[in-house]
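*Asks:* Please find the sequence and the predicted model below.
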Amino acid sequence: MKLKSLFKLPTKPCKYCGKDVKLPFQYHKECKKINKEGKNEILTLTIDCVVNLGEIESLQKKVNEISNTTYIDTHNSIKVISNGIDKGVDIILKSKDISSYEEGHINKLILTFNGIQEHLNQLGTLRKIEQTKLLSQIRNGKIPELNINSNHPLYNGLMKSEKLVYIFPQEVSYYRIMDKGLKFEYSGGLSITTKHMYFVSDRDSFRIRFDSIINILPKYGGVVIHKNSSSDKPKVFKNLDGEFLIELIGLISNQ
């Protein structure tokens, strides 16, 4: 008897099919390939459904069929569908607009696939839609006004001649550009009115008039702002969509 036959190599269940695979391997190569192909197929079908307003019930049926034969669990299928919706939305938003019918179709997808909204929130998909709608509104000459309650820091801080247009939902970090690089100051809330950019934090608050800005560029995961004052160091705001902020300020300033 050969020595090799006296020992049985340890095994563990394949992370995809569940059948034994010899250690130290975690899965069968073929199973991983099948799984990847299944995810790619679901991604493509979802993008097509979003862009071409396809049948949601048909997509749901195909997703279930593919998932059952390519070792994709519910959690991962929801993630792939979320990515597909996000990519589909990006294709739609290239036109710088989204129709009410397209938006309604996306809302139906969210209602159909349980748990998908959480992933879309992480991807910022719904925020991109809202921002695009806002820019389209202003582009058409209609600047909306946000109503805020008396507890909001800007409630009594706005000038009588300006309207509050947009409040960034996430906390924004403020830095100054110094000789040795960026210097973090503090984090807070950023809001846009018809005349100013307001930054409000527990430590300090300030506003920047649009007509005092000589240059604003998308950089550092946000924007860098140069003012027309030679004594004022450039300001950097991180953790925001710089392209959106620049277009928003540009459209409002040209109204």
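*Replies:* Yep, that arrived.
*Asks:* Phi first, then psi, for the closest residue to Asp73 other than its chain neighbours.
*Replies:* For Asp73, the nearest residue in space outside its immediate sequence neighbours is Ser67; the separation is 7.5 Å by C-beta to C-beta, 6 or more residues apart in numbering. For glycine as for every other residue, the C-beta is placed from the backbone atoms N, C-alpha and C. Backbone torsions for Ser67, taken as degrees, to the nearest 10, come to phi -60, psi -40.
*Asks:* Can you tell me how far Ser67 is from Ile138?
*Replies:* 42 Å (C-beta to C-beta, to the nearest Å).
*Asks:* try Ser229
*Replies:* For Ser229, the distance to Ile138 under the criterion C-beta to C-beta works out to 28 Å.
*Asks:* rewinding a little: is the residue nearest to Asp73 in contact with Ile42, as I believe?
*Replies:* Yes: shown here, Ser67 and Ile42 form a contact pair, counting by C-beta atoms under 8 Å, at 7.4 Å.
*Asks:* Touching both of the two, which residues are there?
*Replies:* Taking C-beta atoms under 8 Å, 6 or more residues apart in numbering as the contact criterion, the common neighbours of Ser67 and Ile42 are Ser77.
*Asks:* So which of those two has more stuff around it?
*Replies:* Here Ser67 and Ile42 are compared on neighbour count by other C-beta atoms under 10 Å; more neighbours surround Ile42, at 24 against 19.
*Asks:* Let's see the lengthiest helix in the chain as PDB, backbone CA atoms only.
*Replies:* Criterion DSSP state H: the longest helix present in the chain is helix 29-51. Extracted in PDB, the C-alpha atoms of helix 29-51 (Å, rounded to 0.1, in the frame of the first residue of the first chain):
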ATOM      1  CA  LYS A  29     -11.900  27.200  -9.200                       C
ATOM      2  CA  GLU A  30     -14.800  26.300 -11.400                       C
ATOM      3  CA  CYS A  31     -17.300  27.300  -8.700                       C
ATOM      4  CA  LYS A  32     -15.700  30.700  -8.500                       C
ATOM      5  CA  LYS A  33     -15.800  31.100 -12.200                       C
ATOM      6  CA  ILE A  34     -19.500  30.200 -12.300                       C
ATOM      7  CA  ASN A  35     -20.300  32.600  -9.500                       C
ATOM      8  CA  LYS A  36     -18.500  35.500 -11.200                       C
ATOM      9  CA  GLU A  37     -20.300  34.800 -14.500                       C
ATOM     10  CA  GLY A  38     -23.600  34.800 -12.700                       C
ATOM     11  CA  LYS A  39     -22.900  38.100 -11.000                       C
ATOM     12  CA  ASN A  40     -21.900  39.700 -14.300                       C
ATOM     13  CA  GLU A  41     -25.100  38.500 -15.900                       C
ATOM     14  CA  ILE A  42     -27.300  39.900 -13.100                       C
ATOM     15  CA  LEU A  43     -25.400  43.200 -13.300                       C
ATOM     16  CA  THR A  44     -25.900  43.500 -17.100                       C
ATOM     17  CA  LEU A  45     -29.600  42.600 -16.900                       C
ATOM     18  CA  THR A  46     -30.100  45.100 -14.100                       C
ATOM     19  CA  ILE A  47     -28.400  47.900 -16.000                       C
ATOM     20  CA  ASP A  48     -30.500  47.100 -19.100                       C
ATOM     21  CA  CYS A  49     -33.600  47.100 -17.000                       C
ATOM     22  CA  VAL A  50     -32.900  50.600 -15.500                       C
ATOM     23  CA  VAL A  51     -31.700  52.200 -18.800                       C
END
